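Visitor: got a sequence here, can you build the structure:
(one chain, ligands or ions: 1)
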Amino acid sequence: MTVTEAVRQRISTRAFLDTPIPRGQLVDLLETAQRAPSGGNLQPWKLIAVTGPAKDEIIHLAHRVLATDPTGHVTSDRPVYPDLNAVDPVYNARRKRVGEMMYARVGIPKEDRAGRTRWFANNYRFFGAPVGLFLIIDRRMGHGQWAHMGMYMQTIALLAEERGWGTCMQECWARLRDELHTLFQLDEHHMVYAGISLGVPDPEAEVNDLYAERAPLGEIVEFKGW
Ligand SMILES: Cc1cc2nc3c(=O)[nH]c(=O)nc-3n(C[C@H](O)[C@H](O)[C@H](O)COP(=O)(O)O)c2cc1C
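Guide: Presented below is the predicted three-dimensional model:
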């Protein structure tokens, strides 16, 4: 598989088989992902990988927390989105579009709010994936280091593709930041940024047929000097 193929075929996988991922193979992936670049080589990321009972404990935790507020509303000081009314409306339009495409795949119309909330809750079961990865960052890091965390995450995702695995990055876990902080016994400086579900994609699941659109290059890139 070429890098181009891996980039083009990577999607957010939202349904997995329960095929286990052997620890040694995950270690190999994570050793390689350590090659992700970061400014000053800070490598400003830490990762907690869970499977089996450790993963189940988190699923149960999420179930308990979401029983009180199933919407998954995040109140963290590091919100998942900026104020989307304050920025160019194109961003909110893209967010809505991919949401509509996804719910169309799983056949849940906009009016069925409860159905959509129920479907969203699959996030908190890792979409059935055997492995959950949690990205941890020191709160004192600046915006640069948060960007470098993204490089690490994408490196993991592409290496997963090469191995025939799928991933879904999940900032929805921000909803459980406090609870996960306690569970993982993090110190006062560290926080859970996001999760990644990882495993073998379910080839039968409709939701995995979603190939999210991208803006045309003209909206993104300006070429100068040609
Ligand atoms: C940092 C980050 C967090 C994300 N959080 C979630 C999430 O919580 N749940 C989810 O279903 N998808 C999540 N996504 C997936 C995005 O919705 C997805 O990447 C985007 O719609 C483009 O689709 P694609 O990944 O299939 O190309 C996240 C993606 C990123 C990069």
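Visitor: which residues sit in contact with the closest residue to Pro109 other than its chain neighbours?
Guide: Spatial nearest neighbour of Pro109, excluding adjacent residues (CB to CB, 6 or more residues apart in numbering): Tyr103 at 7.4 Å. In this view, the C-beta of every residue, glycine as well, is placed from N, C-alpha and C. Tyr103 makes contacts with Pro109, Lys110, Arg116, Trp119, as judged by CB atoms under 8 Å, 6 or more residues apart in numbering.
Visitor: which SS state does Tyr103 fall under?
Guide: helix (DSSP: H, G, I helix; E, B strand; the rest coil).
Visitor: measure it to Asn122 for me?
Guide: To Asn122, Tyr103 is 12 Å away according to CB to CB, to the nearest Å.
Visitor: who touches both of these two?
Guide: Joint contacts of Tyr103 and Asn122 (CB under 8 Å, 6+ apart) do not exist.
Visitor: pairing partners for the strand ranked longest in the chain, with directions?
Guide: For the chain, the longest strand by residue count, based on DSSP state E, is strand 190-199. Strand pairing for strand 190-199, determined by DSSP bridges: strand 131-138 (antiparallel), strand 166-170 (antiparallel).
Visitor: winner for burial among these?
Guide: Ranked by mean neighbour count, these are led by strand 166-170 with a mean of 23 (mean count of other CB atoms under 10 Å).
Visitor: next SSE downstream of it?
Guide: helix 177-183 (DSSP states H and E).
Visitor: who touches that following helix?
Guide: With contacts defined as CB under 8 Å, 6+ apart, helix 177-183 is touched by Glu57, Ile58, Leu61, Val65, Ser76, Phe134, Trp173, His190, Met191, Val192.
Visitor: switch to 7 Å and redo it
Guide: Contact partners of helix 177-183, identified using CB atoms under 7 Å, 6 or more residues apart in numbering, comprise Leu61, Val65, Ser76, Phe134, Trp173, Met191, Val192.
Visitor: packing partners of the lengthiest helix in the chain?
Guide: Criterion DSSP state H: the longest helix present in the chain is helix 143-162. Under the contact criterion of 3 or more CB pairs under 7 Å, 6 or more residues apart in numbering; DSSP states H and E, helix 143-162 touches helix 3-9, helix 23-33, strand 131-138, strand 166-170, strand 190-199.
Visitor: find me the pLDDT at the most centrally placed residue in the chain, would you?
Guide: Taking CA atoms, centre = their mean as the criterion, Met169 is the residue nearest the geometric centre of the chain, at 1.3 Å. Per-residue pLDDT puts Met169 at 98.
Visitor: nearest residue to it other than its sequence neighbours?
Guide: Ile196 (5.3 Å).
Visitor: quick one: pLDDT of the one you found?
Guide: So Ile196 comes in at 98 (pLDDT).
Visitor: shouldn't it be in contact with Leu133?
Guide: Yes. Using CB atoms under 7 Å, Ile196 is in contact with Leu133, at 4.2 Å.
Visitor: centre of the chain versus the helix or strand following the longest strand of the chain, how much separation?
Guide: Moving toward the C-terminus from strand 190-199, the next helix or strand (DSSP H and E) is helix 217-220. Taking CA atoms, centre = their mean, to the nearest Å, one finds helix 217-220 lying 25 Å from the centre of the chain it belongs to.
Visitor: pull out the buried residues from helix 217-220.
Guide: In terms of neighbour count (16 or more other CB atoms under 10 Å), helix 217-220 has no buried residues at all.
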